[in-house]
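J.: Fold the following for me, if possible:
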Amino acid sequence: MPPRLDLSDVYSPAYRQELHDFKHYIGILLRQIFLRNFVASGRLAQHPAPWFADPANHPTPTAFHFTRRLFEYLADCGELSEVGGHWSPAPTLTDADPEDSNIEAYLNDHPHNRRMYDFLRGVRDVSPRMLFQGEDSLLTMVMDDFHKSMALWEDLMERASVKAPGHDVILRALKQLMASSPLPITVFEGGAGIGAALRFALQDPEFRALSKKIGHYAFTDISLSLIKLGRAWIRRHDPETLADRMTFKVVNLDKMELPEAFLQPQSVNAIVCENVLHDVTDFGYTLNKFHSMLKPGGSLIVTMAFRQRPRDFFMFEFMQSSFHSYFNAKLEPGFRETYGWLTAGDWERSLKRAGFSRIDFYPEEQDMPTWVFGGLVAWK
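T.: Now for the predicted structure:
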């Protein structure tokens, strides 16, 4: 087995500051959502605490789970408590930036983050429709302004600074595999979207030079529109005719109706999933299929955020928590305990049950409360 990847340069003081800023400004957005939708509207005073905990009082599972997680986050921060059977905000729970002037000043100094924060502010602005009308925030934003929302989404997937370590996990794991393989390798990417992982990798000169080792790369996603965006970008930035060795195909990871080349067991050297496996319905089924597809010694390369306590984590999943797809999973005690992103423990137990022999976490488990975002490489 190859050695662990070295990501010491990725988990850096500069990245720590990115996370600190994100937690601060997204924390402001979350408090705005709470104050505007539950306090100013009178809903918090109108209903007792148990009312909010009843799924029947919310238009969709998404609205219910988002509300529950928002309340858990504020309670874990010490800013929301149950008093006399009602939820009661602490005096410190205020809107620290009602005109967005502070976040605008920050974005003027950090223009690389503007599109990411613009998208997240859009989620805040459509939150009443998600919470009380049952809409999906992403679909709502796309319907309201298709071209603007898709441009923001594409930029978010490719350049969001907080999830940057995942791109390095994929890049370095693939480079390690290509450099050590005497034969061309076969790669299957599920949930590839716009191709953010490959876009990042193709900007690395060493990866471009090694990419001739890729004999076949299956680029798949559930959305044909996103596949087309990814394919167009790759063809424009194509090194050594990589696009000619790629298959672009719609694949639903819940059904695993795969291209013919991957239907046979032990046909793939590496499987790549960037921030997508938390959305599959039957986690165990998908992992079992992946294990079957991999050749002996093959690797599953996955990126994600690792679930932590609410006050340290909800900021990082608040956008996803406003999407309907985030709550489709089949929960399974001991293996998948929560909707959305999983704990490292759930990942380890599920991967071992599927037959994976070695699992390398990035960052290591003791560092996850600090870094949150990263990935894993699991070996067959």
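
J.: pretty sure Ala329 is touching Glu337, no?
T.: No - counting by Cβ atoms under 8 Å, no contact exists between Ala329 and Glu337, whose distance comes to 10.3 Å. C-beta here means a position set from N, CA and C on the backbone, and glycine is covered the same way.

J.: who has more neighbours, those two?
T.: Higher neighbour count among Ala329 and Glu337: Ala329, with 18 against 14, using other Cβ atoms under 10 Å.

J.: Contact partners for the more buried one?
T.: With contacts defined as Cβ atoms under 8 Å, 6 or more residues apart in numbering, Ala329 is in contact with 278-281, 283, 336, 339-340.

J.: Phi, psi for it please.
T.: For Ala329, the backbone dihedrals (degrees, to the nearest 10) come out as phi -70, psi 150.

J.: what does Phe219 give?
T.: The main-chain torsion angles of Phe219 are listed as degrees, to the nearest 10 and equal phi -100, psi 110.

J.: Mind pulling up the pLDDT for it?
T.: Per-residue pLDDT puts Phe219 at 96.

J.: quick one, strands of the chain?
T.: According to DSSP state E, the chain carries its strands in the segments 80-83, 86-89, 185-190, 214-221, 246-250, 268-274, 294-305, 358-362, 373-379.

J.: looking at those, which is closest to Lys163?
T.: Between Lys163 and the strands of the chain, the tightest spacing by Cβ to Cβ is seen for strand 373-379, at 5.1 Å.

J.: packing partners for that closest one?
T.: Judged by 3 or more Cβ pairs under 8 Å, 6 or more residues apart in numbering; DSSP states H and E, strand 373-379 is in contact with helix 164-180, strand 294-305, helix 344-354, strand 358-362.

J.: export those to JSON lines and tack on mean neighbour count?
T.: Written out in JSON lines, the entries for the helices and strands packed on strand 373-379 read as follows (neighbours: other Cβ atoms under 10 Å):
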{"stretch": "helix 164-180", "mean neighbour count": "21"}
{"stretch": "strand 294-305", "mean neighbour count": "22"}
{"stretch": "helix 344-354", "mean neighbour count": "19"}
{"stretch": "strand 358-362", "mean neighbour count": "19"}
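
J.: Can you get me the start-to-end distance on stretch 300-312?
T.: Distance between the two ends of stretch 300-312: 27 Å, counting by Cα to Cα, to the nearest Å.

J.: Just the buried positions in stretch 280-293, please.
T.: Residues of stretch 280-293 classed as buried: 280, 282-283, 285-293 (neighbour count, 16 or more other Cβ atoms under 10 Å).

J.: before we move on, what about stretch 123-143?
T.: Counting neighbours by 16+ other Cβ under 10 Å, one finds that the buried residues in stretch 123-143 are 123-127, 129-131, 135-138, 140-142.

J.: Just the closest of these to Lys228, please.
T.: When those are compared against Lys228 (criterion: Cβ to Cβ), the nearest one is Val142, at 15.5 Å.

J.: got the contact list for that closest one?
T.: By Cβ under 8 Å, 6+ apart, the contact list for Val142 reads 149-150.

J.: all numbers from here: first residue = 214
T.: Right, with 214 as the first residue, what we last looked at is Val355.

J.: Roughly how far does the closest residue to Phe519 other than its chain neighbours sit from Pro523?
T.: Beyond its immediate neighbours in the sequence, the residue positioned closest to Phe519 (Cβ to Cβ, 6 or more residues apart in numbering) is Met581, lying 4.4 Å away. The span separating Met581 from Pro523 equals 15 Å under the rule Cβ to Cβ, to the nearest Å.

J.: who's more crowded, the two?
T.: Neighbours were counted for Met581 and for Pro523 using other Cβ under 10 Å; Met581 has more, 21 against 18.

J.: I'd like the distance between that one and Glu550.
T.: The gap separating Met581 from Glu550 is 16 Å, by Cβ to Cβ.

J.: how many neighbours does the nearest residue to Arg229 once chain neighbours are set aside have?
T.: Of all residues not flanking Arg229 in the chain, Thr583 sits nearest, at 7.6 Å (Cβ to Cβ, 6+ apart). When neighbours are defined as other Cβ under 10 Å, Thr583 has 12 of them.
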